[in-house]
Each structure stands twice: as C-alpha cells, then as structure tokens.
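Engineer: Show me how the following folds:
(chains A and B)
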Amino acid sequence: MKRIEAVIRPSKLAEVADALAECGISGLTVEEARGFGRQRGHVEVFRGAEYAVDFVPKVKVTLVVEEARVREVVAAIRAAAHTGEVGDGKIFVLYLGEAVRIRTGETGDRAI
Amino acid sequence: MLQNGDTAFVLISAALVLLMIPGLALFYGGMVRKKNVLGTIMQSFILISLVTFEWVYLGYSLSFGPDVKGLIGSLAWVGLSGVGAAPNPDYAGTIPHIAFAMFQCMFAAITPALITGAVAERLRFGPFLVFSLAWTILVYNPVCHWVWGNGGWLKELGVLDFAGGIVVHLTCGAAALAAVLATGPRKDHGRHQIVPHNLPMTLLGTGLLWFGWFGFNAGSALAADGVAAGAFAATHLGGMAGMATWCGIEWWHRGKPTTLGAASGAVAGLATITPGAGFVSPGWAIGIGTLAGLVCYGAVLLKARMRFDDSLDVVGIHGVGGVLGTLLVGVAASKLVNPAGADGWASGNAAQLGIQALAVVVVGLFAFAASWLLLVAIRAAMGLRLESQAETIGLDLSEHTEAAYGE
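Structural biologist: Just a heads-up that it's a prediction; the model follows:
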C-alpha cells in the first residue's frame, strides 16, 4: 500500500483526474496548494517595481494504491501532467502504514 | 446673455467631473489590498457629500466670492446667496451663475480625494474627514481664489491654469507629500510585499477618469466653443501620449509593458496637460503628454529608491505632473490657440515661464506647509493612523464593519 502525492499545475488537474479514472482509481483527494521548486517563483512588476512571487499556485492530488499498481499510476499522472516547461510539478511516493474505511471498518488494501 | 448650448455643455461637464470621483475610487480601490478596498473607495465617495456641504456654506464664497485683497473671497455668497439663474460675467457670461458654482464644486470635491492615495491603507476615517474638511477650507479655497477668483493675486499676475494644474494637481501633490511624512509608512511597507488586489478595477477606474477628464478640461472653457474643442483635443492627446510613453519606457526598462503602467501613464498625461489644455496646440499637447510619461515614470522610481510610502503615487503622478504641466504652459501657450490666454516662451514671451514658476513655488510651499501643520495638529488632537491590530485586519472591517468580498 503506497500513498502517492502529486503536486501539479492547476490547469492539468482535469487531465490527471481523467487519466486516473482510466486506471480505475476509485478515490482521490485534491487540495489547492502554493509552492516553488528549483526555479523558484516568478517576478511581477507593478509601476516599475519588481515583486518576487515565491509561492506559485499549484494543486496537490493525493491517492492511495496497492503496491503492485504504483508504477502504472505514477506513469499515468506523469503523462497527463507533463508539458515539458519549468513548473510541471513533482510526484512523491510514500510508504503507508494503514488505511481504514470508516463506514465498514475494513483495513489495508480492502479499505482503498 | 444666457446661451442654451453653453449651459447644457457646462452642466454635462459638471456631471462628467462628478463621475471622476467613483472613477478615482475604482482606480485607487484596485491598487490596494482586498482588506482595504471599501475603506479606500469610501475615502473618495464620502467627499462628494462632505465637500459639497462645505462648498455651499463656505467654500464657493471663499473661492470665487467678492475679492478681499487678492487673497480670499468674502463671505457675501455663503449659502449660495445671490447665486442663481442669472449669469455672473466675471466668470462666465453665458451660463447661469449656479451652473458655474456646481461645476467648480466638483473640482473641490475630487481634489482632497486625490490626496487619499498617498496615505491609503492606514488612515482612520474620523481624522480623514477632519483633515479633508479643514484642508478644503485652508488650502483649496484660498489657492482657488488666488488662481481663478476674480481679483486673485496670481490671476492678476497673469498665471495660466486652464483646468487645475496648480489648483488641483499641485495642491493635492504637495499635500500628499506632507501626508506621507506626517503619517509614516504602512506597517508592512518594506517588510512584506504589498501588491494591487484587482487591476481590472483600476483599469475601469482609469477609463472613467479619462471620460470624466473631458468634462474637467473641455468644460473649463465654460462655453461650447472652439476653446472647449481645443481643450478636448489636447486632453485626449496628452493622455494617449502619456500612456504610450510609459508603456514604451517600461518595455525597455523592465522587459514587458504592464496594464498598470498603461493606466499610470494615461493619468500622468491627463494630469500634466490639464493646466495647458485650453492654451496649447495639438502638437504641444502630444509633447507635454510624452514628457509626462517620461518624468512621472522617473518620479515613481525615485520614490521607491527613497523609501517613501506614497502608497498609490500621488506625489509622483499628480504632484510632479502638476508642476511639469504648469511650467510647460509657460513654454507652450499661444494666443493663436486661445486669444484670452497668453503667449509662452516658444511664442516669444519668456516672462510667462517665470510667472508659472513663481506660482509653482508659492503654491507648492504653501500647500505643503499648511497641510503639514494641519496633519500634525490632527495627529496631536485625535491621532491619524489605525491601531496596529486594526491595520492588520484592514480598513474595511475595522473602520466600516464590512467586507468587500464573500468567502
């Protein structure tokens, strides 16, 4: 059981969601996020004065998948979120200790 | 002898000048943070009411009433007594006296509203009202009398100010500088980034200001005639040249042109052409607007370097524009454009530039000193600024218990 967190461009959310649906992913969580990577943010100019915008708007998609499907799901997210430009985002894969479905009390892979 | 056309034109022009106040409110409102947008808009809106009261019961008589030693109008016209349908030939012989009084009322109302941009996001509403009322009486009314009032000493000297380069833009610019010094910077200034929350609002405001400016400048001819048409043309040409220049410099200097730059350049051009609108040729109007874009851009950069927190650049745009435009009238004015005006340096009358410079120095120093003393007195008596916590919350909630935008 792995937890996948993908920080992506807001404009790519719909494509990523479609790709995950095609993979048969049954649930995910989406959060609005702000952040920056190696390239930092961007510069805005107001009346000749520069303002550095470090935190760029992003969307974070979180989902949990069985161990065996991690490679396939990560590939699907990457393909859907890719533009080739700086700022496409990152995908993190984390070990997950336990999952519990609140309604039934099922645990582990059956709770996903 | 009343003329229907002139009367209609001046009444419509007065309405156009009034429209500049909500225009200014949007122009300023878009440039502040969203927690201060209503407070900023209110500082413009409320003056429609406050200054009109002052104008009717005191200001019009002080500004345009029968002269007292060239310095101020007497109280003979308090409450607009005797100001009715009959024309006053001293000011405009073809329109009702009351139309002239109302047209000028709009100028009085927008001028203190312009100052508020300099100290946006930190002034308490109560002290702001006291300042605006006292400032209108102590600074605007006397200067208005000196420059435009029958018998005013600067008018007698022959100073040229078609629609308010001295009376409106220079006085508000000097007061803005005093207000910045007396009030101090916003608590976030220099520590956190303070960026405009809604530039489309600012651009809409710019459009309304430009539209209203035609009434401001062309209406100052006080007749629907050739001088009004010339002032209309000069106004538009000054504004467009200011916009083009600012965008061009920004493109060269910062790599990209910006919408706020376009708006700023337009307002700089419009403010700078104002004193000369009815006195200069179209060619000079374009030249004046171009210089306005150049000089005001530089002034705004200089402000950032000097670390003054003139929040919305009132000094750099209105003050510097007012000075520049007033001096350039002394160069560019021509009797060929307006026989009732004077020739400037370019037409062989260098003395006009001297008169214009004298007016700039005297009015600039007077407006700065009087505004500063007034602000210091108000600060001692009742304070000027928001409490620290209130400034963090913003004007909208702390001063007006309203929020501009829902969740």
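Engineer: who touches the closest residue to residue B:281 other than its chain neighbours in this structure?
Structural biologist: Sequence neighbours aside, residue B:337 is the residue nearest to residue B:281 in space, at 5.6 Å (criterion: CB to CB, 6 or more residues apart in numbering or on different chains). In short, each C-beta sits where N, CA and C put it, glycine included. The neighbourhood of residue B:337, defined by CB atoms under 8 Å, 6 or more residues apart in numbering or on different chains, consists of B:227, B:230, B:278-281.
Engineer: I'd like to know which of the residues you listed are buried.
Structural biologist: Neighbour-count burial (16 or more other CB atoms under 10 Å in any protein chain shown) applied to the contacts of residue B:337 gives B:227, B:230, B:278-281.
Engineer: Out of the contacts of residue B:337, which is nearest to residue B:38?
Structural biologist: Relative to residue B:38, the closest of the contacts of residue B:337 is residue B:278; by CB to CB it sits at 37.1 Å.
Engineer: if we can go back for a sec, pick the one among the contacts of residue B:337 closest to chain A.
Structural biologist: The nearest member of the contacts of residue B:337 to chain A, counting by CB to the nearest CB, is residue B:280 at 27.3 Å.
Engineer: And for the residue nearest to that closest one when sequence neighbours are not counted, the neighbour number?
Structural biologist: Closest residue to residue B:280 apart from its sequence neighbours, by CB to CB, 6+ apart: residue B:332 at 4.4 Å. Close neighbours of residue B:332, defined as other CB atoms under 10 Å in any protein chain shown, add up to 26.
Engineer: show me what contacts residue B:332?
Structural biologist: With contact set as CB under 8 Å, 6+ apart, residue B:332 has these partners: B:276, B:279-281, B:284, B:287-288, B:344, B:346.
Engineer: and residue B:143, how far is that from chain A?
Structural biologist: 28 Å (CB to the nearest CB, to the nearest Å).
Engineer: Please look at that residue and residue B:165 and confirm they touch.
Structural biologist: No: using CB atoms under 8 Å, residue B:143 is not in contact with residue B:165, being 11.6 Å away.
Engineer: the more surrounded of these two?
Structural biologist: Between residue B:143 and residue B:165, counting by other CB under 10 Å, residue B:165 is the more crowded of the two (31 against 28).
Engineer: wait, isn't the more buried one in contact with residue B:276?
Structural biologist: Yes: between residue B:165 and residue B:276 there is a contact under CB under 8 Å: 7.3 Å.
Engineer: where do the contact lists of those two overlap?
Structural biologist: Overlap of the contact sets of residue B:165 and residue B:276 (by CB under 8 Å, 6+ apart) consists of B:325, B:329.
Engineer: Name the helix or strand of the chain that has the lowest mean pLDDT.
Structural biologist: You didn't say which chain, so I picked chain A. For chain A, the helix or strand with the lowest mean confidence is strand A:49-53, at a mean of 83 (criterion: mean pLDDT, DSSP states H and E).
Engineer: The chain in question should be chain B.
Structural biologist: Taking mean pLDDT, DSSP H and E as the measure, the helices and strands of chain B show their lowest mean at helix B:388-393, namely a mean of 93.
Engineer: Just give the nearest non-adjacent residue to residue B:162, would you?
Structural biologist: Among residues not flanking residue B:162 along the chain, residue B:278 sits closest, at 4.1 Å (CB to CB, 6+ apart).
Engineer: Could you look up the SS state of the one you found?
Structural biologist: Under DSSP: H, G, I helix; E, B strand; the rest coil, residue B:278 falls in the coil class.
Engineer: Now do the same contact list for it.
Structural biologist: Contacts for residue B:278 (CB under 8 Å, 6+ apart) come out as B:162-163, B:217, B:220-221, B:227-228, B:230-231, B:234, B:337-338, B:341.
Engineer: Could you do residue B:287 as well?
Structural biologist: Here residue B:287 is in contact with B:241, B:332 (criterion: CB under 8 Å, 6+ apart).
Engineer: tilt between the helix or strand harbouring it and strand A:49-53?
Structural biologist: Using DSSP states H and E, residue B:287 sits in helix B:282-306. Our comparison of helix B:282-306 with strand A:49-53, counting by axes from the mean of the first three to the mean of the last three CA atoms, to 10 degrees, yields an angle of 50 degrees.
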